[in-house]
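S.K.: Everything below, folded, please.
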Amino acid sequence: MIRKSISPSLLTDSNAILDSKSGYDSITGVYHSKYPSINLPANPFLDIVTHIFYVNRSIRKALVDASTGRSLTYADLHGHVRAAAAGLSQIGIGHGDVVMILAPNSMEYVLTMFAIMLAGAVVTTVNPIYTVAEVANQVKDSNPKLIVTIQELVEKVVSFQLPLLLLGADQTSPTISTALPTFFISHLLASDPSKVATNQIRQSDTAALLYSSGTTGLSKGVAISHRNLIATTLQVGGQAPDGNETYLFAVPPYHIYGFSPLTCGMLRKGHTLVIMPQFDFEQMLVTIQRYRVTMLPAVPPIVNSIIKSPIVSKYDLTSLKHVGSGGAPLSKEVSEAFVERYPCVTLGQGYGLTETCATGTMPDLEDTHHMGSVGLLSANLKAKVVDVENGKCMPPNAKGELWLHGPSIASGYLNNQAATSSSFDIEGWFHTGDLVYFDEDGYLYVIDRIKELIKYKAFQVAPAELEAILLQHSEIKDVAIIGYPDKDAGEIPMAFIVRSEKSALSEDMIKAYVAHQVAPYKKIRRVAFINEIPRSSTGKILRRELANLSTARL
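M.R.: Next up, the predicted model:
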C-alpha cells in the first residue's frame, strides 16, 4: 500500500495554495490527494495485461489454489494468458467483442479474464448465483459473442444460443446437453502464444464491462478502459513492482473490488494470490493458517465475524499483517473492537465504486487516529463535497455529495445515456451519490447513500449510524436499518435484527438500547427479528429486499 507524503504546501493547477493538512483549495472548492502523484504510461498503445506482466518475476508464485495447493508462477500465468488470448483470436474473438464470464473463482477464471483483455476483447463478469432471468438482463445489455462458464452452470446460459467456452473441462468430460459450439480452455491453452497481437489495443479502449450493484435501480454496465485499470494498479501499488506478500483471494472477481485493485493491482505489484473457489468463513481461517496469509482483503461482515466468532480462536492467524475492508462502510466502533482484539494487525478501510475502479480513497497504514474513516483521497484524484441543496462546494467537516475526478474514473454507462448524463458531468466529475465529509486532516468519512437516508419529518437519519450503534450490542450478530413508511413522519427508522444464539432481546429492549444514545428523531421505532440480513457479495445491505419484507408484514 502507498503511504502518504505531505508537503508543507500543495499547488492546484491554478497555483493557488492548498491547505497542507486537508488538501482543500478554498478558492476552487476542490480537495487534492495527499499521496504522491503517479506517472501514467505515455504509450497510447498499452493494454492492462502487458502493463501487469512487464516485469519478469518468472519463479515467484502468482496464483495458488487454496483447495488443492496447485500453483502457477508468474511465468506460467503469463504464458497461459498469451496462449489463451491467441486461442480466442483463432475461434473468432476480436477487438471490441464482448465475452461474458459466469463462473466461480479459480485460477482459470483469472487467466481467462486476462486473455480476453489481451485479445482486445471486452470482459463482462456475472455473479454465478444469478438466476437465468438476471443473467438474461446482462446478456441483453452487453451483447456478448461468447460465454465462459463451467459445466455445472451451463443450464443458466444455454437458452441464449451463444457459443460456450468451458473452464475445468476437456473432451473427456461428460456430454453437455447442448448443440451450441463449445470450446474448452485446455484447447485454447495449447495455442501458440506468439500468435497474440496487442499492438492494436489502445489505453482508451474498453477493457471491461462491470455492472454496478443496482442499489438505486437496475444494474448498469460501467465501461472501464485499459487506462482506468492501469491507473488503478499504480494507485494501489505505487510505481515500484516489488511486492512479496501473500493475499487471500476470497473477494469475488466478478465484483470491481476483486477484479481491479485485487487481481490487477496486486498481480502488477508482484504479490501471491491464494484463491478460494467458494467463500466459507471457517475455510478462510484454515487457508490463512495453512498458507501463512499476510494480507486479507475483506468486507465488513467478515471483519465483524473475525471479532465475534468463537471459532477464530481455534486457528493460528499470527501470519496476518493487514486486513483491508471495502465494499461497504465499516463503523468506527467495529474498527476499534478489531484493533483491540488484534493489536498486531493493521486495519485499513478504503472507499470506491465500480465507476471509480474501486479506488476512491486508500488507507494510511501509519494512521491510528481516524477510526471510521475510509482513508485519504487516492493518488491523482480530485474531489468535491457538494451541498445537495444549493450545489456549493463544502470545506472540511461540512457534509455533502462526493464528486470525484481522475484517471481511474470510468467514462460512463453502456447503452444508458440518461444515467451517464446524470452521474458524469461535462467536466468529467463523477457524482457518487454518497453523503460524506473530509475532516481537517484530509480523511474521508462516508455517512450513507443519499437515496438511503431516512426522511423523518424535517430530519435526515443515516441508517449506517444506527447500525453501528446496534452492532456494539453483544447479543446482536447483524443488523440493518431502513425507512418504514409513516403517514405522520414520512418515514421512521425500522431495525431488522439477527440475534445471537439463546438471546432473549425484545423489541422494547432494542428501542431502549438505542434511545439513550441518539437524538429523539433518530430513535428506532419499529423492530423485526430475522434469521439473516440480505446482503450482496461485498457486504452491502440489500435494503430493497427488506423494504419489500417490511411491507409484506403489514
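S.K.: Please enumerate the strands of the stretch 151-300 of the chain.
M.R.: Applying DSSP state E, counting those that start in this stretch to the stretch 151-300 of the chain gives strands spanning 164-166, 182-184, 206-211, 221-225, 246-249, 272-275, 295-298.
S.K.: can you redo these as CSV with mean pLDDT, distance to Leu471 and mean neighbour count?
M.R.: Quick note: C-beta positions are derived from backbone N, CA and C, even for glycine. What follows is those, written out as CSV (pLDDT from 0 to 100; distance: least, CB to CB, whole Å; neighbours: other CB atoms under 10 Å):
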stretch, mean pLDDT, distance to Leu471, mean neighbour count
strand 164-166, 96, 43, 24
strand 182-184, 93, 47, 18
strand 206-211, 96, 29, 25
strand 221-225, 96, 30, 24
strand 246-249, 95, 23, 23
strand 272-275, 97, 29, 24
strand 295-298, 93, 16, 24
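S.K.: Redo these as TSV? Include distance to Asp425.
M.R.: TSV is the format used below for the strands of the stretch 151-300 of the chain (distance: least, CB to CB, whole Å):
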stretch	distance to Asp425
strand 164-166	39
strand 182-184	43
strand 206-211	21
strand 221-225	16
strand 246-249	36
strand 272-275	36
strand 295-298	31
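S.K.: Quick one, which of those strands gets closest to Val386.
M.R.: Val386 sits nearest to strand 221-225 of all the strands of the stretch 151-300 of the chain, at 21.3 Å, using CB to CB.
S.K.: Against which helices or strands is the closest one packed?
M.R.: Secondary-structure packing of strand 221-225 (3 or more CB pairs under 8 Å, 6 or more residues apart in numbering; DSSP states H and E): helix 132-142, strand 206-211.
S.K.: closest one to Gln90 among the ones you listed?
M.R.: Checking these against Gln90 by CB to CB gives strand 206-211 as the closest, at 20.8 Å.
S.K.: could you give the angle of the closest one to strand 221-225?
M.R.: Interaxial angle, strand 206-211 versus strand 221-225 (axes from the mean of the first three to the mean of the last three CA atoms, to 10 degrees): 150 degrees.
S.K.: Other residues contacting strand 206-211?
M.R.: Residues from elsewhere that reach strand 206-211, judged by CB atoms under 8 Å, 6 or more residues apart in numbering: 47-48, 96, 98, 117, 122-126, 138, 142, 219-226, 228-229, 254-256, 259, 354, 414.
S.K.: are any of those residues buried, and which?
M.R.: With burial judged by 16 or more other CB atoms under 10 Å, the buried subset of those is 47-48, 98, 117, 122-126, 138, 142, 219-226, 228-229, 254-256, 259, 354, 414.
S.K.: still on that earlier bit, Asn43 is nearest to which of the strands of the stretch 151-300 of the chain?
M.R.: Closest among those, using CB to CB: strand 221-225, at 14.3 Å.
S.K.: Would you mind measuring from the residue nearest to the spatial centre of the chain to Ile185?
M.R.: The centroid of the chain falls nearest to Tyr257 when counting by CA atoms, centre = their mean (2.6 Å). Remark: distance between Tyr257 and Ile185 (CB to CB, to the nearest Å) = 25 Å.
S.K.: coming back round to it: between the strands of the stretch 151-300 of the chain, which one is closest to Gln90.
M.R.: strand 182-184 (9.7 Å).
S.K.: now the closest one, how far from the centre of its chain.
M.R.: Centroid displacement of strand 182-184 relative to its chain, using CA atoms, centre = their mean, to the nearest Å, is 30 Å.
S.K.: What is it packed up against?
M.R.: On a contact count with 3+ CB pairs under 8 Å, 6+ apart, strand 182-184 meets strand 164-166.
S.K.: Now tabulate the helices and strands packed on strand 221-225 in CSV and tack on distance to Asp448.
M.R.: As requested, these are exported to CSV (distance: least, CB to CB, whole Å):
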stretch, distance to Asp448
helix 132-142, 26
strand 206-211, 22
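S.K.: Out of the ones you listed, which is closest to Ile27?
M.R.: With CB to CB as the measure, strand 206-211 is the member of these nearest Ile27 (35.9 Å).
S.K.: relative orientation of that closest one and helix 132-142 in degrees?
M.R.: 150 degrees.
S.K.: Pairing partners for strand 206-211, with directions?
M.R.: strand 122-126 (parallel), strand 221-225 (antiparallel) (DSSP bridges).
S.K.: Endpoint to endpoint, stretch 307-324 covers what distance?
M.R.: 14 Å (CA to CA, to the nearest Å).
S.K.: er, stretch 180-198 actually
M.R.: 29 Å.
S.K.: Just the buried residues of that stretch, please?
M.R.: 183-189, 191, 193, 196, 198.
S.K.: now do stretch 306-323
M.R.: Buried residues in stretch 306-323, defined by neighbour count with 16+ other CB under 10 Å: 306-308, 312, 317, 320, 322-323.
S.K.: quick one on the thing from earlier: what's the closest of the buried residues of stretch 180-198 to Gln151?
M.R.: Phe184 (10.4 Å).
S.K.: which element is Ala86 on?
M.R.: Using DSSP states H and E, Ala86 sits within helix 74-90.
S.K.: what's the model's confidence in that helix, averaged?
M.R.: The pLDDT scores in helix 74-90 average 96.
S.K.: Kindly report the same for stretch 515-530.
M.R.: Stretch 515-530 carries an average pLDDT of 90.
S.K.: next one: stretch 227-244
M.R.: For stretch 227-244, mean pLDDT is 88.
S.K.: going forward, begin numbering at 12 instead of 1
M.R.: In the new count, where the first residue is 12, that last one comes out as stretch 238-255.
S.K.: hmm, who's touching that stretch?
M.R.: Outside stretch 238-255, the residues that touch it by CB under 8 Å, 6+ apart are 12-13, 49-52, 57, 59, 62-63, 66, 68, 214-215, 218-219, 271-272, 275-277, 279-282, 368-370, 373, 389-392, 417-421.
S.K.: returning to what we had before: could you dump the strands paired with strand 217-222 to TSV with distance to Glu347?
M.R.: Formatted as TSV, the strands paired with strand 217-222 follow (distance: least, CB to CB, whole Å):
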stretch	distance to Glu347
strand 133-137	35
strand 232-236	34
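S.K.: Which one, of those, ends up nearest to Ala144?
M.R.: Ranking the strands paired with strand 217-222 by their distance to Ala144 (criterion: CB to CB) puts strand 133-137 first, at 12.4 Å.
S.K.: mind saving the C-alpha coords of the closest one as PDB?
M.R.: These are the backbone C-alpha positions of strand 133-137, laid out as PDB (Å, rounded to 0.1, in the frame of the first residue of the first chain):
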ATOM      1  CA  VAL A 133     -14.100  -6.800 -23.500                       C
ATOM      2  CA  VAL A 134     -14.700  -8.900 -20.500                       C
ATOM      3  CA  THR A 135     -18.000  -8.700 -18.600                       C
ATOM      4  CA  THR A 136     -18.500 -10.700 -15.400                       C
ATOM      5  CA  VAL A 137     -21.600 -12.200 -13.800                       C
END
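S.K.: could you list every residue that touches the closest residue in space to Asp497 that isn't next to it in sequence?
M.R.: Using CB to CB, 6 or more residues apart in numbering and skipping residues adjacent in sequence, the residue nearest Asp497 is Ile503, 4.6 Å away. Shown in contact with Ile503 (CB under 8 Å, 6+ apart): 465, 467, 494-495, 497, 536-537.
S.K.: ok, now Leu341?
M.R.: Counting by CB under 8 Å, 6+ apart, Leu341 touches 311, 314, 360, 383.
S.K.: Show me which pair in these is furthest apart.
M.R.: Val314 and Gly383 (12.8 Å).
S.K.: So those two - more neighbours on which side?
M.R.: Val314 (22 against 17; other CB atoms under 10 Å).
S.K.: Would you agree that one is in contact with Glu347?
M.R.: No - with contact defined as CB atoms under 8 Å, Val314 does not count as touching Glu347 (11.8 Å).
S.K.: Flag the shaky bits of the stretch 212-361 of the chain, pLDDT-wise.
M.R.: Scanning the stretch 212-361 of the chain for pLDDT under 70 picks out 224-229.
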